[in-house]
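Colleague: Give me a model of this one.
(chains A, B, C and D)
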Number of protein chains: 2
Amino acid sequence: MKNNRITLKDLAKDLNLSPSTISRALQNHPAISDSTKKRVQKIAEELGFTPNSIASSFRKKKTQTIGVIVPRIDIHFHSLAISGIEEFAYNKGYNVTIFQSKDSLKREKEILKILQNKMVDGVIICLGIETKNCEHFKKINKLGIPLVFYDRVPTDFDANKIVINDLESAYLATEHLIKNGCKRIGHIAGSQSTDIFKARLDGYKTALKKYNFPIDESLILYTNNLSYDEGVQCAEKYLSNEQQPDGIFCANDYTAVSVIQVFRKAEIKIPEDVAIVGFSNYPISKIIEPHLTTINDRAFQMGEAATKLLIRQIEEKDDFIKSETITLQTELIIRESSFR
Amino acid sequence: MKNNRITLKDLAKDLNLSPSTISRALQNHPAISDSTKKRVQKIAEELGFTPNSIASSFRKKKTQTIGVIVPRIDIHFHSLAISGIEEFAYNKGYNVTIFQSKDSLKREKEILKILQNKMVDGVIICLGIETKNCEHFKKINKLGIPLVFYDRVPTDFDANKIVINDLESAYLATEHLIKNGCKRIGHIAGSQSTDIFKARLDGYKTALKKYNFPIDESLILYTNNLSYDEGVQCAEKYLSNEQQPDGIFCANDYTAVSVIQVFRKAEIKIPEDVAIVGFSNYPISKIIEPHLTTINDRAFQMGEAATKLLIRQIEEKDDFIKSETITLQTELIIRESSFR
DNA sequence: CTGAAAGCGCTTACAG
DNA sequence: CTGAAAGCGCTTACAG
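Modeller: Model (predicted):
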């Protein structure tokens, strides 16, 4: 049943041509006559010949494969990014092999080794939480395999990166609250060992300063994972504060949603009493009532941009490796939770 | 910078051994002496040798790669399934190459061809909407590449399948409404050209019959995609009905959520006036208020089960291909939207 | 426009 | 316990 695969050699025998000629004809090589090409294509079709890409990859040292490492596939942000990666790669003739690091440094290293062995043409990666330095990426660089980081990117490592303007986005979100008349604006922050959440806190503070608002540390609440449950805790903390905020910029949509729900239960009106802004434009932001003002974080576009940059690096003949950082512009989506 | 990869031959020269011996030593072949193995492993480590898996795959005709085709990656159900696939495959030493069919039959066929050429060891697939027959899978079967379908599986094609008990789940959901005292139970149905949604409608009707409830066609509303917006339309239709339902079983969570929201705006109390049950246990079901009773559709476990079955087929030596259908048991998760 | 030859880096049946 | 040899199915520089 197996092993009945047809090879170039079989076609060659059938047509009394050499395998070289068959190979070239199928690649539409200019040196081959049109009549030969037609004969070859016809018989290939008839016999159902399909080229063995592994043999070709092996010979050419080019696999047309991109390795992708994400912390988890089932996080909406990443599944959107992967979708963008697959879509762009597919249209360019590349395949995508996917791995979850589960935020484990050990696993990240293992995966990198596999990717080297598999001779992928390039790697796209969003770093795991445990990853504090990038020693393990040096070898893959030395092998000449292009690398693009997205979202969670290294700071101490010269590399291709796709990011969004987190600081500016947070600034705009906060400014939006200010312009809507909020006087005491709180912030629910993510882990400050992660750059993007540090940037969001920075953006918040920058906006307050710019408008001559005091920075009130009692209005800034810190979380570990920005989980829904942590959001509930934060909301309750705000409720027990002496002075409650009249606007809150949350570093993601989950915490924003939990705040909305806790506050509404406490008979606090949103947006009238407290205006809320989230971050990420998760599907739930369009479903929760009131609909949530948030930042579109361009996950799909990040995937596309990463793949575009990577493929350019793969296909450029230049011997030296350049490093490029592309910053995608986010978008403040104003919905009912903040508009008054 | 490139092409400095170390090969077996290099190691062999360094140690005055043959490449055969190096190869065997690295595979921990029993015929090789321990001392030799140690020497080989030591120098491999020192020189940073990593085997070229492409060469190995080519030689062994085994790629340790599983091809996965899903309609879309960014649908939560599929990203969960993929997560299960990747997790299980990784632990078994397989890699996962992923494709989106975008529900296009043409693309599904293209992808299958790529997977054949890439010599994947097996394929896991959830059929696209356009796919009505399975002619295009016959060739891959003939090549001896094992195939496992999940969720949306073919009916006219003998193959390995992973499914959930849709009919029974729908039966239990409907029965739950009955037992909670609902007298007029509606159903929001998915496209009836898709088997799983047909089964859910069937389960609903079966439960009604079992408990001697009449089947009132005016209470069954049909949608194309079970989208949030269609759910809103259905809810409005129910509101304009002469007699409103006092319980609704929705074929997915999105429509259930939209019904909850529309009804609450119309001052209809949930679950007191109308009890709602959804299907899929999407993250939103735990966030919407009241929390949504729903069916856990075991997406992650489907991915795992599909991969487990596939790998068994790949690694079993038997020449004949067996077909197996595995039905995963779902779970009714009772939350506030239906409990009274 | 076509062909012969070499070789990509492994693995493995065979021989010793 | 180790080695020599063949070969997986392509591609491509070289020759004509």
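Colleague: what's around the closest residue in space to residue A:211 that isn't next to it in sequence, how many residues?
Modeller: Distances taken as C-beta to C-beta, 6 or more residues apart in numbering or on different chains place residue A:178 nearest to residue A:211, at 5.2 Å, with adjacent residues excluded. C-beta coordinates here come from the backbone N, C-alpha and C atoms, glycine included. For residue A:178, the count of nearby residues is 16 (other C-beta atoms under 10 Å in any protein chain shown).
Colleague: With residue A:179 instead?
Modeller: 9.
Colleague: Residue A:273 too?
Modeller: By other C-beta under 10 Å, 15 other residues sit near residue A:273.
Colleague: Repeat that for the one 4 residues further on.
Modeller: Using other C-beta under 10 Å, residue A:277 has 31 other residues around it.
Colleague: what's the pLDDT at the closest residue to residue A:76 other than its chain neighbours?
Modeller: Closest residue in space to residue A:76, ignoring its immediate chain neighbours: residue A:282 at 5.9 Å, by C-beta to C-beta, 6+ apart. On pLDDT, residue A:282 comes in at 93.
Colleague: For residue A:282, which residues are in contact?
Modeller: The contact partners of residue A:282, taken as C-beta atoms under 8 Å, 6 or more residues apart in numbering or on different chains, are A:76, A:252-254, A:294.
Colleague: Relative to DNA strand C, which of those residues is nearest.
Modeller: DNA strand C has its nearest neighbour among these in residue A:76, at 39.3 Å by C-beta to the nearest atom of the strand.
Colleague: buried sites along the helix or strand bottoming out on mean pLDDT in chain A?
Modeller: Using mean pLDDT, DSSP states H and E, the weakest-scoring helix or strand in chain A turns out to be helix A:138-142, at a mean of 85. For helix A:138-142, a neighbour-count test (16 or more other C-beta atoms under 10 Å in any protein chain shown) marks A:140-141 as buried.
Colleague: Check which helices and strands that helix sits against.
Modeller: With contacts defined as 3 or more C-beta pairs under 8 Å, 6 or more residues apart in numbering or on different chains; DSSP states H and E, helix A:138-142 has these neighbours: helix A:105-117.
Colleague: domain parsing for chain A?
Modeller: Domains of chain A are assigned by automatic domain parsing as A:8-51, A:63-164+A:300-328, A:166-297.
Colleague: show me where chain A has helices.
Modeller: For chain A, applying DSSP state H gives helices covering A:8-15, A:19-26, A:34-47, A:53-60, A:76-91, A:105-117, A:138-142, A:166-179, A:195-210, A:228-240, A:253-265, A:299-315.
Colleague: Could you dump those into CSV and include distance to residue B:60?
Modeller: Formatted as CSV, these follow (distance: least, C-beta to C-beta, whole Å):
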stretch, distance to residue B:60
helix A:8-15, 20
helix A:19-26, 22
helix A:34-47, 25
helix A:53-60, 10
helix A:76-91, 26
helix A:105-117, 14
helix A:138-142, 25
helix A:166-179, 47
helix A:195-210, 43
helix A:228-240, 47
helix A:253-265, 46
helix A:299-315, 27
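Colleague: weakest of those helices by average pLDDT?
Modeller: Among these, helix A:138-142 scores lowest, at a mean of 85.
Colleague: Can I get that helix in CSV? Just the C-alpha atoms.
Modeller: The C-alpha trace of helix A:138-142 is given here as CSV (Å, rounded to 0.1, in the frame of the first residue of the first chain):
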residue,chain,number,x,y,z
LYS,A,138,22.5,33.7,19.9
LYS,A,139,23.2,30.3,18.4
ILE,A,140,20.3,30.4,16.1
ASN,A,141,21.5,33.8,15.0
LYS,A,142,24.9,32.4,14.4
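Colleague: and chain A, which residues reach DNA strand C?
Modeller: A:16-21, A:24, A:30-36, A:58-59, A:61 (C-beta under 7 Å from any atom of the strand).
Colleague: Going by neighbour count, which of the residues you listed are buried?
Modeller: A:17, A:21, A:24, A:32, A:58.
Colleague: Which ones among the residues you listed also lie next to chain B?
Modeller: Filtering those for proximity to chain B by C-beta under 8 Å from any C-beta of the partner chain leaves residue A:58.
Colleague: and which of the buried ones among the residues of chain A next to DNA strand C is nearest residue A:270?
Modeller: Nearest to residue A:270 among these is residue A:58, at 60.3 Å by C-beta to C-beta.
Colleague: For that closest one, give its distance to residue B:27.
Modeller: Distance of residue A:58 to residue B:27, given as C-beta to C-beta, to the nearest Å: 19 Å.
Colleague: What parts of the stretch 51-200 of chain A come near DNA strand D?
Modeller: Residues of the stretch 51-200 of chain A that fall close to DNA strand D, judged by C-beta under 7 Å from any atom of the strand: A:51-52, A:55-56, A:58-60.
Colleague: Got a PyMOL select line for the buried ones in those?
Modeller: The buried residues among those can be selected in PyMOL (16+ other C-beta under 10 Å) with this line:
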select buried, chain A and resi 51+52+55+56+58
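Colleague: Distance of whichever residue of the stretch 51-200 of chain A sits closest to DNA strand C relative to residue B:156?
Modeller: In the stretch 51-200 of chain A, the residue that lies nearest DNA strand C is residue A:59 (3.7 Å; C-beta to the nearest atom of the strand). Residue A:59 sits 40 Å away from residue B:156, going by C-beta to C-beta.
Colleague: cool, residue A:89 as well?
Modeller: As judged by C-beta to C-beta, residue A:89 and residue B:156 stand 33 Å apart.
Colleague: Looking at these two, which is more packed in?
Modeller: Set residue A:89 next to residue B:156 and count neighbours by other C-beta under 10 Å: residue A:89 wins out with 26 against 7.
Colleague: Next, format the buried ones among the residues of chain A next to DNA strand C as CSV and append distance to residue A:329.
Modeller: Converted to CSV, these look like this (distance: C-beta to C-beta, whole Å):
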residue, distance to residue A:329
A:17, 55
A:21, 52
A:24, 46
A:32, 48
A:58, 42
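Colleague: and the residue nearest in space to the middle of chain A, how far is that from residue A:109?
Modeller: Residue closest to the average C-alpha location in chain A (C-alpha atoms, centre = their mean): residue A:81, at 4.2 Å. According to C-beta to C-beta, residue A:81 and residue A:109 sit 22 Å apart.
Colleague: now swap in residue A:36 and tell me
Modeller: From residue A:36 across to residue A:109, the span is 50 Å (C-beta to C-beta).
Colleague: cool, and residue A:28?
Modeller: Counting by C-beta to C-beta - residue A:28 and residue A:109 are separated by 42 Å.
Colleague: okay, those two: which has more neighbours?
Modeller: Each of residue A:28 and residue A:109 has its neighbours counted (other C-beta under 10 Å); residue A:109 has more, 16 against 9.
Colleague: residues touching the more buried one, list them.
Modeller: By C-beta under 8 Å, 6+ apart, the residues touching residue A:109 are residue A:136.
Colleague: try residue A:96
Modeller: Applying C-beta under 8 Å, 6+ apart, we find residue A:96 in contact with A:65-66, A:68, A:82, A:85-86, A:89-90, B:97-99.
Colleague: For DNA strand D, state which of those is nearest.
Modeller: Distance to DNA strand D across the contacts of residue A:96 (C-beta to the nearest atom of the strand) is lowest for residue A:65, with 15.4 Å.
Colleague: Show me what that closest one bridges to in the sheet.
Modeller: Under DSSP bridges, the beta-bridge partners of residue A:65 are residue A:95.
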